[in-house]
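Participant: Structure for this input, please:
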Amino acid sequence: MRRTAIVTGVTGQDGSYLADLLLEKDYNVYGLKRRTSSNSLECAAHLASSIEIVEGDLADLPSLQRLCQLAKADEFYNMAAQSHVGTSFNQPVYTAQATALGVLNCLEAIRHSGLHTRFLQASTSELFGDGGTNRPAEGLSLENTPFYPRSPYGVAKLYGFWITKNYRESYKMFAANSVAFNHESPRRGPQFVTRKIAIAVGKIKRGEQDYLHLGNIDACRDWGHAADYVDGMWRMLQHGHPEDFVLATGETYSVKDFCFLAFQRAGLDYRQYVKIDPTLYRPAEIEYLRGDARRAHELLGWKPKIEFKDLVNEMVDAELNRK
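Facilitator: Numbers count the residues shown, from 1 in each chain. Coordinates of the predicted model:
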């Protein structure tokens, strides 16, 4: 019998890759989409005829309750959020409503449905923040590393993490958190720095743009590919019991490193085109993130497959080939 899954945020990067994966595994997929004036399916446009698109909103509990009753899903993946760190400083209240309370609404909808739906909350390495002296000596963050979020987005995700864990313990729900480090792809939103860089490389190469303005290019992140990471999230809901797992590559590169490889792919020297703009610095910055996914390796059999350089090349090639 075919399994059924609900994917919120299906029009975004992670949601669309997850839907692709679930379809490959012969699931029935219901994708939740917020109503917008353009009614665009964005990253999920290619899925229009393969999944059931349902309009709703994480901030609207009744729409989530209707979705649960309609789908009667075996699995529920919450991939939706206001997920841009910079935007969260400008829209902290909306970020809290969507990214924090939205998780609670998902859990409440499942709890009152009477169904035994397994729940996955897509969490983030932003929970760890700088970590300070709490981070292990080798600079790795793992499941028991203390949290210290440095943005309204990180704080909202922290609520989502703890309310998921609380419902797991209080109501014996199968509810798990994927603490995923940065993961990118050609489907990444254009406001995120990796895609911003890739887009600029394509435009500069075509003579449509002169320079790329960036903020802190010394910030370091553990970057992987979104397609690898949604596989890890799926594996978490196939696990024998609900647990929280870090998903990461264990390697860290700076924004400067990303620029170097991205411009190199187009035969350009980033130093001739990148300009530092102090207005793009955030009120509070995380300088370094690196994850330790050994528990996911050992218990889920998950390991990322796509190397950092290949990720950068794929993103740049997509922009160079864009008409």
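Participant: Can you list the low-confidence ranges for the chain?
Facilitator: Scanning the chain for pLDDT under 70 picks out 37-38, 131-139.
Participant: Which is the succeeding secondary structure element to the longest helix seen in it?
Facilitator: Longest helix of the chain, by residue count under DSSP state H: helix 152-171. Under the assignment DSSP states H and E, the closest C-terminal helix or strand after helix 152-171 is strand 175-180.
Participant: That following strand pairs with which strands?
Facilitator: strand 118-124 (parallel), strand 245-247 (parallel) (DSSP bridges).
Participant: For the next helix or strand after the last one, give me every contacting residue.
Facilitator: I take that to be strand 245-247. Moving toward the C-terminus from strand 245-247, the next helix or strand (DSSP H and E) is strand 253-254. By C-beta atoms under 8 Å, 6 or more residues apart in numbering, the list of residues contacting strand 253-254 from outside reads 217-221, 223, 308. All C-beta atoms are positioned from the backbone trio N, CA, C, and that covers glycine.
Participant: mind listing which of the residues you listed are in strands?
Facilitator: By the criterion of DSSP state E, membership of the contacts of strand 253-254 in strands covers 220-221.
Participant: Please pick the buried ones from the contacts of strand 253-254.
Facilitator: Neighbour counting with 16 or more other C-beta atoms under 10 Å marks 217, 219-221, 223, 308 as buried within those.
Participant: Pretty sure Cys220 sits against Glu251.
Facilitator: No. The pair Cys220 / Glu251 is not scored as a contact, 10.1 Å apart, by C-beta atoms under 8 Å.
Participant: what sits in contact with each of the two?
Facilitator: By C-beta under 8 Å, 6+ apart, Cys220 and Glu251 have these common neighbours: Arg290.
Participant: tell me the most buried of the strands paired with strand 175-180?
Facilitator: When you average the neighbours per residue for each of these (mean count of other C-beta atoms under 10 Å), strand 245-247 leads with a mean of 27.
Participant: what's the spacing between stretch 239-246 and its chain's center?
Facilitator: Stretch 239-246 has its C-alpha centroid displaced from the chain centroid by 18 Å (C-alpha atoms, centre = their mean, to the nearest Å).
Participant: do the same with stretch 52-66
Facilitator: With C-alpha atoms, centre = their mean as the basis, stretch 52-66 stands 20 Å off its chain's centre.
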